[in-house]
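Student: next one to model:
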Amino acid sequence: MEVKTIKENEKLTVEVSGRLDTLTAPEFESKVEPELAGVKDLVIDLKDLEYISSAGLRVLMGLVKIMKDQGEMKVINPSEVVMDAAIE
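Tutor: Down below sits the predicted model:
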């Protein structure tokens with residue numbers, strides 16, 4: 001898994017690639033959460049994410065809770081495989 005963060009004023013874009021699973025979810029969380037101070041617009045770009053497990057979905061839901069109090073969050077460009085995992 002690779003995580004790239006792009007911060008522009010109050011907007012944070014997070015690009016994640018590879019797999020977001022039990023092994024990588026804690027790393028993803030530890031890279032993103034410290035960047036959220038002062039962020040009002042969070043965009044999670046999943047265009048290069050190959051797989052997400054329930055552990056990865058839990059981290060995304062945790063980010064939703066944080067952003068609910070300080071702004072909004074969007075998840076963009078999920079692949080069909082990632083969408084299927086999120087729905088099941």
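Student: is it true that L49 touches L20?
Tutor: Yes. L49 is within contact range of L20, at 6.1 Å (criterion: C-beta atoms under 8 Å). Glycine gets a C-beta too; all of them are placed from N, C-alpha and C.
Student: who has more neighbours, those two?
Tutor: Neighbour tally, L49 and L20, criterion other C-beta atoms under 10 Å: the higher count belongs to L20, 27 against 23.
Student: what sits against that one?
Tutor: Listed by C-beta atoms under 8 Å, 6 or more residues apart in numbering, the contact set of L20 reads M1, F28, L49, Y51, I52, S53, A55, G56, V59.
Student: which of these fall within strands?
Tutor: Assigned to strands by DSSP state E, the following of those qualify: L49, Y51, I52.
Student: now tabulate the residues you listed in JSON lines and tack on pLDDT and distance to P78.
Tutor: Output for the ones in strands among the contacts of L20, formatted as JSON lines (pLDDT from 0 to 100; distance: C-beta to C-beta, whole Å):
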{"residue": "L49", "pLDDT": "96", "distance to P78": "7"}
{"residue": "Y51", "pLDDT": "94", "distance to P78": "11"}
{"residue": "I52", "pLDDT": "94", "distance to P78": "8"}
